[in-house]
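Q: need coordinates for the following:
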Amino acid sequence: MTGAALPNLRYAIYRAGLETLYFSGAHRALRPIFGGVGSIFTLHHVRPGRPGRFQPNRFLEIEAEFLERMILRLRARGIELVSMDEVHRRLVERDFARYFVAFTLDDGYLDNYEQAWPVFKRQRVPFTLYVATSFPDKLGELWWLVLERVVARNDRIVVEMEGQPRFFNCASVSGKRQAFGEIYQWLRGLSGEAELRRAIRDLAARYGIDMNVPCRELCMTWAQIAEMAEDPLCTIGAHTINHVALRRETADVARTEMKRSADVIESTLGKRPEHFAYPYGGANAAGVREFALARELGFKTAVTTRAGALLAGHREHLTALPRISINGEFQALRYIDVLVSGLPFVLAGTGGRVEAA
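A: Sure thing, here's the model as predicted:
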């Protein structure tokens, strides 16, 4: 089976599972058992769908209209929409009278300002924006988007892997999907962020892609972030400086990335962030050391991307909170009903228990 087929197969299996849970009614029956006390949703881009069949980062995008319908759906289900400060309070005080959901947006994209913020204001929904500070500085390297542009614009590319040239035929959509998938996994498997950045910079230079263009085009300015921060609905959180996988860095680098990002936000906006999101956020990007660093640095909460609902036991692990990614490949309200039940994560072996290791 090709690398291009694997994501499509995974999506098909996942979609079939969500459909089965919804139409069987299992998600309603089992939510009191597996739904926990609340959920934190992860969003990235909120913008209109882009044309073209090659969209390897589409899972990071939802449309504003879907965001608004999702909010209305959650409220119709009697779910309270709360801030991360309120998540913290409810966990600490064991206030679980009503199920709750918190919306979070990672990185600091311009469409959060232009598309998502108007929805949150119109619906009076609190949200947290986690900012990687090199992004509004316009120095960030959104390497996953650079890789997409390299593959999209070329019919054939070569990448040096383990000292040997590897050739990819990208003339077709399926070829582009396969190339992106294999190169992406190879990059994520390199020994550290510095090696990943060297590899993607070399690839970008070879094919005439400016590493900083996606950041300049797609990320907010500090002035826009400051405007959002004035809204009582908006909480600004930290997300490192350079969007690095902290667990793969030295302790000194991880601490510096976390602390300096909070320092920059405080000096720029006048208020120190009390909430943190680990870039990438999976088990290979954040673990025990990072959870301890977040506590040591004074963050009230820190969120991962480990999939699952919030449990009462997370009161003891406030810097290792799970989230539910709202995937742009699955923009259907019935899927939201299933996700907040917690059942998909229990069945996948990633939910129903506190993971803080």
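Q: report the distance from stretch 101-118 to the chain centre.
A: Distance of stretch 101-118 from the chain centroid (CA atoms, centre = their mean, to the nearest Å) equals 11 Å.
Q: typo on my end, it should be stretch 323-341
A: For stretch 323-341, the distance to the chain centre is 14 Å (CA atoms, centre = their mean).
Q: buried ones in that stretch?
A: 323-331, 335-341 (16 or more other CB atoms under 10 Å). C-beta: built from backbone N, CA, C; applies to glycine.
Q: okay, and which of those residues map to strands?
A: Counting by DSSP state E, the part of these found in strands is R323, I324, S325.
Q: W144 against N57, yeah?
A: Yes: counting by CB atoms under 8 Å, W144 touches N57, with 6.1 Å between them.
Q: quick one: low-confidence parts of the stretch 101-250 of the chain?
A: Of all residues in the stretch 101-250 of the chain, none has pLDDT under 70.
Q: any idea how far the residue of the chain positioned farthest from its centre lies from V158?
A: Within the chain, Q164 marks the point farthest from the mean C-alpha position, 32.7 Å out by CA atoms, centre = their mean. Counting by CB to CB, to the nearest Å, the gap from Q164 to V158 is 10 Å.
Q: quick one on the thing from earlier: out of the buried residues of stretch 323-341, flag the one nearest to T20.
A: Distance to T20, by CB to CB, is smallest for V338 among those, at 9.3 Å.
Q: who are the contact partners of the closest one?
A: Listed by CB atoms under 8 Å, 6 or more residues apart in numbering, the contact set of V338 reads L18, L21, Y22, H27, P344.
Q: next, count neighbours for the third one.
A: Pointing back at Y22 there. As a burial measure, Y22 scores 19 neighbours (other CB atoms under 10 Å).
Q: look up phi and psi at R156.
A: Here is the backbone geometry of R156 (degrees, to the nearest 10): phi -150, psi 130.
Q: make sure it is actually in contact with A171.
A: Yes: using CB under 8 Å, R156 makes contact with A171 at a distance of 7.1 Å.
Q: picking that back up, just put the ones in strands among the buried residues of stretch 323-341 in TSV and tack on distance to D107.
A: Shown next, in TSV, are these (distance: CB to CB, whole Å):
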residue	distance to D107
R323	14
I324	17
S325	13
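Q: wait, which of the residues you listed is closest to R75?
A: Checking these one by one against R75 (CB to CB), the nearest turns out to be I324, at 17.1 Å.
Q: against A309, how distant is the closest one?
A: Where A309 is concerned, I324 sits at a distance of 7 Å (CB to CB).
Q: between those two, which contacts overlap?
A: S39, V340, F345.
Q: with only the CA atoms kept, save the helix or strand in which D263 is found in CSV.
A: Per DSSP states H and E: D263 is located in helix 251-269. Provided in CSV are the C-alpha atoms of helix 251-269 (Å, rounded to 0.1, in the frame of the first residue of the first chain):
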residue,chain,number,x,y,z
ALA,A,251,16.2,20.8,29.2
ASP,A,252,17.8,24.2,28.8
VAL,A,253,16.4,24.7,25.4
ALA,A,254,12.9,23.6,26.4
ARG,A,255,12.9,25.8,29.5
THR,A,256,14.2,28.8,27.4
GLU,A,257,11.5,28.3,24.7
MET,A,258,8.7,28.2,27.3
LYS,A,259,9.9,31.0,29.6
ARG,A,260,11.0,33.4,26.9
SER,A,261,7.7,33.0,25.0
ALA,A,262,5.9,34.1,28.2
ASP,A,263,8.4,36.9,28.7
VAL,A,264,7.8,38.2,25.2
ILE,A,265,4.0,38.1,25.5
GLU,A,266,4.2,39.9,28.9
SER,A,267,6.5,42.6,27.6
THR,A,268,4.5,43.1,24.4
LEU,A,269,0.9,42.9,25.8
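Q: okay then, goodbye and thanks.
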